[in-house]
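K.L.:
show me how the following folds:
(2 chains)
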Amino acid sequence: GAGVSQSPRYKVAKRGQDVALRCDPISGHVSLFWYQQALGQGPEFLTYFQNEAQLDKSGLPSDRFFAERPEGSVSTLKIQRTQQEDSAVYLCASSLGGRLSYNEQFFGPGTRLTVL
Amino acid sequence: AQSVSQHNHHVILSEAASLELGCNYSYGGTVNLFWYVQYPGQHLQLLLKYFSGDPLVKGIKGFEAEFIKSKFSFNLRKPSVQWSDTAEYFCAVNAQSSSNTGKLIFGQGTTLQVKP
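P.N.:
Reported below is the predicted structural model:
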């Protein structure tokens, strides 16, 4: 079956521009996670959705970052007024269950954002 | 706060050599432990996981890992590496608690290069 997909795969933005990154999770997956991976680092948690509810946004680095999942499936991560330090790969992952922490997370290919 | 430390950032081995990648975590409670692998040009995928029970877990492609609770460690091993094991390896931790959303805390990753 289809895995997690993300679009665009690559995005170049000028500093100050707004960007929107899309994630299509595996069908039927309740949980959806966003991670940020800087060059040479491991992924860092940004936010978590259970269906349409954003239950944890403790990892969002600033109020310029906003995520939504209005119908409990597709999710969008929006970054307003992008800065150079936002350059990273943004990963989306989905898992089958709700708050059960032991459900395997399946990762998408990521969106590589470069802010000039 | 939870953290994960991977001791080796870049490992170079010849084919058939044995592999051990170190991973230590800091968290006082019960944890779920994971190793993810990212092959060149591909997305993150689960190599193996530990939730409870036998501390020696076996994963795909001949990999195994041992959870040593007293050392807060979850080292990855493979008796004989192949060129196709060239990839980046990430250790990750998830805290088992009622308030936890299932988010993963990753180490910074280890790049493994296997020479043919």
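
K.L.:
kindly report the residues of chain B close to chain A.
P.N.:
Proximity of chain B to chain A is confined to B:4, B:6, B:32, B:36, B:42-46, B:49, B:51, B:90, B:92, B:94-96, B:100-109 under the rule Cβ under 8 Å from any Cβ of the partner chain. Every residue, glycine included, has its C-beta placed from N, CA and C.

K.L.:
buried residues in stretch B:10-17?
P.N.:
Under the neighbour-count criterion of 16 or more other Cβ atoms under 10 Å in any protein chain shown, stretch B:10-17 has B:V11, B:L13 buried.

K.L.:
off-centre distance for that stretch?
P.N.:
How far stretch B:10-17 lies from its chain's middle: 16 Å, per Cα atoms, centre = their mean, to the nearest Å.

K.L.:
what's the closest non-adjacent residue to A:P43?
P.N.:
The shortest distance from A:P43 to any non-neighbouring residue, by Cβ to Cβ, 6 or more residues apart in numbering or on different chains, is to A:Y35 (3.7 Å).

K.L.:
I'd say the one you found and A:F45 touch.
P.N.:
Yes: under the criterion of Cβ atoms under 8 Å, A:Y35 makes contact with A:F45 at 5.7 Å.

K.L.:
overlap in contacts of those two?
P.N.:
Residues touching both A:Y35 and A:F45 by Cβ atoms under 8 Å, 6 or more residues apart in numbering or on different chains: B:L104.

K.L.:
out of the residues of chain B next to chain A, which are buried?
P.N.:
Taking 16+ other Cβ under 10 Å as the criterion, what is buried in those is B:4, B:6, B:32, B:36, B:43-44, B:46, B:49, B:90, B:92, B:94-96, B:100-107, B:109.

K.L.:
and these, which of them are in strands?
P.N.:
Residues of those located in strands (DSSP state E): B:V4, B:Q6, B:N32, B:Y36, B:L46, B:K49, B:F90, B:A92, B:N94, B:A95, B:I105, B:F106.

K.L.:
wouldn't the fourth one be in contact with B:Q45 here?
P.N.:
Just to be clear, that refers to B:Y36. Yes: when contacts are counted by Cβ under 8 Å, B:Y36 is listed as touching B:Q45 (6.5 Å).

K.L.:
residue in chain A nearest to chain B?
P.N.:
As assessed by Cβ to the nearest Cβ, chain B sits closest to A:G42 within chain A, at 3.3 Å.

K.L.:
surely that residue and B:F90 touch.
P.N.:
Yes: A:G42 lies in contact with B:F90 (Cβ under 8 Å); the separation is 5.3 Å.

K.L.:
give me the common contacts of the two.
P.N.:
Taking Cβ under 8 Å, 6+ apart as the contact rule, A:G42 and B:F90 both touch B:Q6, B:F106, B:G107, B:G109.

K.L.:
can you lay out those as JSON lines showing pLDDT?
P.N.:
Shown next, in JSON lines, are the shared contacts of A:G42 and B:F90 (pLDDT from 0 to 100):
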{"residue": "B:Q6", "pLDDT": "96"}
{"residue": "B:F106", "pLDDT": "96"}
{"residue": "B:G107", "pLDDT": "96"}
{"residue": "B:G109", "pLDDT": "96"}
